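1. Could you work out the structure for the sequence below:
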Amino acid sequence: MRRFQKKQAEDFVELLGQAHEEIKKSIEQKNTQAALSLLADCQEGAIALGELIEKAEGEDAGAVRLLEEYCERVYRIHGELSSYSVNADKAYKMLRQSLLKIKNSVKNEIKTRLEVVFLPYKAAMWDSLESIWKAADEDPECDAYVIPIPYYDKNPDESFGEIHYELNQYPEYVPVIRYEDYDFEKRHPDVIFIHNPYDKCNYVTSVEPFFYSLNLKKFTDKLVYVPYFILGEADPEKEEDLDEISHFCTVPGVVNADLIIVQSENMREIYIKIMTKFMAGQQGFGQKYWEEKILGLGSPKIDRVLTTKKKDLELPDEWLKVILKPDGSRKRIIFYNTCVTALLKHSEKYLVKMQDTFRIFYENREEIALLWRPHPLMQATLSSLRQRLLEEYMEMVLRYREEGWGIYDDTADVDRAVELSDGYFGDWSSVVQLYQETGKPVMIQDVEIIMGQENDAG
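-> Numbers count the residues shown, from 1 in each chain. The predicted model follows:
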């Protein structure tokens, strides 16, 4: 039986006990009609409870048999009361004895299973939940469901644009189900995990509004938020560090979740300080509240990177054509990461830097393979916030892919790129934090440095 169902059963048993008190009072006060009505309500409720337990536990469940006996006793008392031959204390004692047996059976004999739901929206961000899902899936007393949810690009006026649903982009070993096939209200999962904290506050994308954190709280006992990104570790004692990170923390998902799992104890301290200040003046949201709510248990993204092995990677043929030299030996592979924040900050200058980077790697393509992995929301961000750059950017993408001298990675598996490559070049982002865990070299690009003129090759 599900935990929330058992709680419903236990709560209803308590209500029956309260009804028995009222039946006793009604009999003592000679209010026969009220007592008869209460007895009828008790029998109807016991039948409904029996059906609930039978559906979950089977017809042989001890509590089902005890509820049948209880209904027979209620029926007998009802008949005796109609003939005015019932003693209030005796009737109460009979009902109480039956109810105690039911209560003990429900509490001690009915075992519960945990139902946990994971709601990723972008397949590329699934690594932020995967290790938690694996632990839940391997627990014999837990039912874990991965339910990808749809999301929309946002137009410049913040209305919803194109809808995306990446159901088929998850690893084959992850069983996914369609969100339309899961009744959240009826099933009421014990725990829901999310990695999108923005609700309506993101200017670039929005998940389907049903899946906003504020709404999901209605359908679960525990809403858990795990960030899809990893931040650079900062100093919790420096206000300037806190200011730089605060916009990642002061989002609806953090406010609405029952638990927040962050990458480290240091980051936990940072979140606590930021959220305590952010919610200052609101009753019940003091420092102690955030200390209990935020856990520094680590990031599943790091778990995924550290468990991904190069020998297990499956590479497309077009990648191998770029990676392997004519003699069959392997080129060095550089992971080129371009992110949304840097593009928005530098605009046209950023595209010039990208062109220059492509030129340099093209000229060294015989020894070095470039693996370009743009942020998955790059195109959507330009469409919403920098439309004047969209056409030029898309032309760059098209040209890079058609020329075929480098790898274009727009798959959901960032960990493959991290493990496959020999070094990182690109912008500051959560990927940098992941890459540093591997011990491989990291170089951050400077948009202000242009090594040469663009040419037709890249």
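2. what's the burial count for L320?
-> By other C-beta atoms under 10 Å, 11 other residues sit near L320. Where C-beta positions appear, they are placed from N, C-alpha and C, glycine not excepted.
3. Please disregard the earlier target; I meant A123.
-> Neighbour number of A123 under other C-beta under 10 Å is 21.
4. what's near enough to touch it?
-> 148, 166, 169-170, 412 (C-beta atoms under 8 Å, 6 or more residues apart in numbering).
5. For the stretch 51-200 of the chain, which segments are assigned as strands?
-> With DSSP state E, counting those that start in this stretch, the ranges of strands along the stretch 51-200 of the chain come out as 114-119, 142-146, 151-154, 160-164, 191-194.
6. For V174, which of those strands is the nearest?
-> Taking C-beta to C-beta, strand 142-146 is the member of the strands of the stretch 51-200 of the chain nearest to V174, at 5.5 Å.
7. buried sites along that closest one?
-> Neighbour counts over strand 142-146 (16 or more other C-beta atoms under 10 Å) mark 143-146 as buried.
8. would you say Y336 is within a strand?
-> Yes - under DSSP: H, G, I helix; E, B strand; the rest coil, Y336 falls within a strand.
9. got the buried residues for the strand or helix carrying A46?
-> A46 is part of helix 32-57 when elements are defined by DSSP states H and E. For helix 32-57, a neighbour-count test (16+ other C-beta under 10 Å) marks 35-36, 38-39, 41-43, 45-46, 49-50, 52-53, 56-57 as buried.
10. Need the winner for burial among the strands of the stretch 51-200 of the chain.
-> Most buried of these, by mean neighbour count (mean count of other C-beta atoms under 10 Å): strand 191-194, with a mean of 25.
11. Does anything pack onto the helix or strand following that one? Which helices or strands?
-> Remark: after strand 191-194, the chain's next helix or strand is strand 205-207, criterion DSSP H and E. In this structure, strand 205-207 makes packing contacts with strand 151-154, judged by 3 or more C-beta pairs under 8 Å, 6 or more residues apart in numbering; DSSP states H and E.
12. Just checking: what are the partner strands of the strand it packs on?
-> strand 160-164 (antiparallel), strand 205-207 (antiparallel) (DSSP bridges).
13. distance between the shortest one and the chain's centre?
-> For strand 205-207, the separation from the chain centroid amounts to 14 Å (computed by C-alpha atoms, centre = their mean, to the nearest Å).
14. which residues are contacting that strand?
-> By C-beta under 8 Å, 6+ apart, the surrounding residues in contact with strand 205-207 are 121, 149-154, 160, 196, 198-200, 377, 380.
15. And stretch 338-345, by the same measure?
-> 204, 350-351, 354, 372-375, 377-378, 381-382, 385-386, 389, 426-429, 431, 447.
16. Mark which of these are buried, thanks.
-> Using 16+ other C-beta under 10 Å as the burial test, the contacts of stretch 338-345 include 204, 350-351, 354, 372-375, 377-378, 381-382, 385-386, 389, 426-427, 429, 431, 447 as buried.
17. tell me the contacts of the residue nearest the centre of the chain?
-> The centroid of the chain falls nearest to I194 when counting by C-alpha atoms, centre = their mean (1.9 Å). Counting by C-beta under 8 Å, 6+ apart, I194 touches 119, 211, 213, 216, 223-226, 253, 257.
18. Rebuild those residues as CSV, extending it with pLDDT, distance to W290 and secondary structure.
-> Formatted as CSV, those follow (pLDDT from 0 to 100; distance: C-beta to C-beta, whole Å; DSSP: H, G, I helix; E, B strand; the rest coil):
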residue, pLDDT, distance to W290, secondary structure
L119, 98, 23, strand
F211, 98, 24, helix
S213, 98, 16, helix
L216, 98, 20, helix
L223, 98, 16, strand
V224, 98, 15, strand
Y225, 98, 13, strand
V226, 97, 16, coil
G253, 97, 14, helix
A257, 97, 11, coil
